[in-house]
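I would like the atomic coordinates for the input below:
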Amino acid sequence: MLQTDIYSGGFADPAVAAAHGFRAAMDVMARPGTRREITGGVAPEGLSPAAASLILTLCDPETGIYLAPDVDSEALRGWITFHTGAPLVAADKADFAVGGWEALMPMDQYRIGTTEYPDRSATLVVELAEFSAPNASLTGPGIKDTARMYLPDLALLQRNAMLYPLGVDLFFTSGSEVAALPRSTQIQSEG
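Numbers count the residues shown, from 1 in each chain. The predicted model follows:
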């Protein structure tokens, strides 16, 4: 990637795209297990349009981002700096962490908040090759009865939910789609 490529991409119409991105992000976080299109974000190769849109929408100079080794590149670092001003930080300092599931592990390296400030936790943006067939039933706030969703490690995510009100929140992205799993969601295996 050429140095000038870090300036390309982003949102073509930042105000409108950021508003749509924010709405999509909040909708999926409020309705765990649902998927929404989130488009407009164009990043260097290796990052989906959905993940790029989340970064452009939710990150700013006050938001520390950790890039997992599978997505970390000089081009992506430059793109994030240019388009958001967000500092790149170590995993234990991150507000947002971006990458594939395996590359983001172990989960206990991220902040889970404190009793006084449970909101001071990390949000993981997990890049998936695709949304696979559901393997989990979800219940909790924002879910009428149950929702179904594929989760990469049920036991680990169940332990995260048991930490509530502490724990991490997660966005799952694939192509131009996003889904979310807030720490308040209860998880049961489908099988």
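
Who are the contact partners of the most centrally placed residue in the chain?
Using Cα atoms, centre = their mean, the residue of the chain that lies closest to the mean C-alpha position is Val125, 2.1 Å off. Residues near Val125 by Cβ atoms under 8 Å, 6 or more residues apart in numbering: 51, 54-55, 96-99, 170-171, 173. Backbone N, C-alpha and C define where each C-beta goes, glycine included.

Arrange those in TSV, one row each, with secondary structure and pLDDT as further columns.
Shown next, in TSV, are the contacts of Val125 (DSSP: H, G, I helix; E, B strand; the rest coil; pLDDT from 0 to 100):
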residue	secondary structure	pLDDT
Ala51	helix	95
Leu54	helix	95
Ile55	helix	93
Phe96	strand	98
Ala97	strand	98
Val98	strand	98
Gly99	strand	98
Leu170	strand	98
Phe171	strand	98
Thr173	strand	97
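
what's the closest of those residues to Gly21?
Leu54 (6.9 Å; Cβ to Cβ).

thought the closest one was touching Gly21?
Yes: applying Cβ atoms under 8 Å as the test, Leu54 and Gly21 come out as touching, 6.9 Å apart.

contacts for the worst-scoring helix or strand of the chain on mean pLDDT?
The weakest-scoring helix or strand in the chain, judged by mean pLDDT, DSSP states H and E, is helix 14-30 (a mean of 82). Helix 14-30 is contacted from outside by 11, 34-41, 53-54, 56-58, 142, 169, 171, 178-180, 182, using Cβ under 8 Å, 6+ apart.

out of the residues you listed, which are inside helices?
Secondary structure assignment by DSSP state H places 53-54, 56-58 of those in helices.

who wins for neighbours among those residues?
Ser53 (29 neighbours; other Cβ atoms under 10 Å).

The closest residue to the residue nearest to the centre of the chain other than its chain neighbours pairs with what?
If the residues on either side of it in the chain are set aside, Val125 comes closest to Val98, at 4.4 Å by Cβ to Cβ, 6 or more residues apart in numbering. Assessed by DSSP bridges, Val98 has beta-bridge partners Leu67, Val125.

which residues does Val98 contact?
Residues near Val98 by Cβ under 8 Å, 6+ apart: 47, 51, 55, 65-68, 71, 124-125, 127.

Tell me how far it lies from Glu190.
28 Å (Cβ to Cβ, to the nearest Å).

could you give the mean pLDDT of the helix or strand hosting Leu76?
Taking DSSP states H and E as the definition, Leu76 sits inside helix 74-84. Average pLDDT, helix 74-84: 91.

Cheers, nothing more for now.
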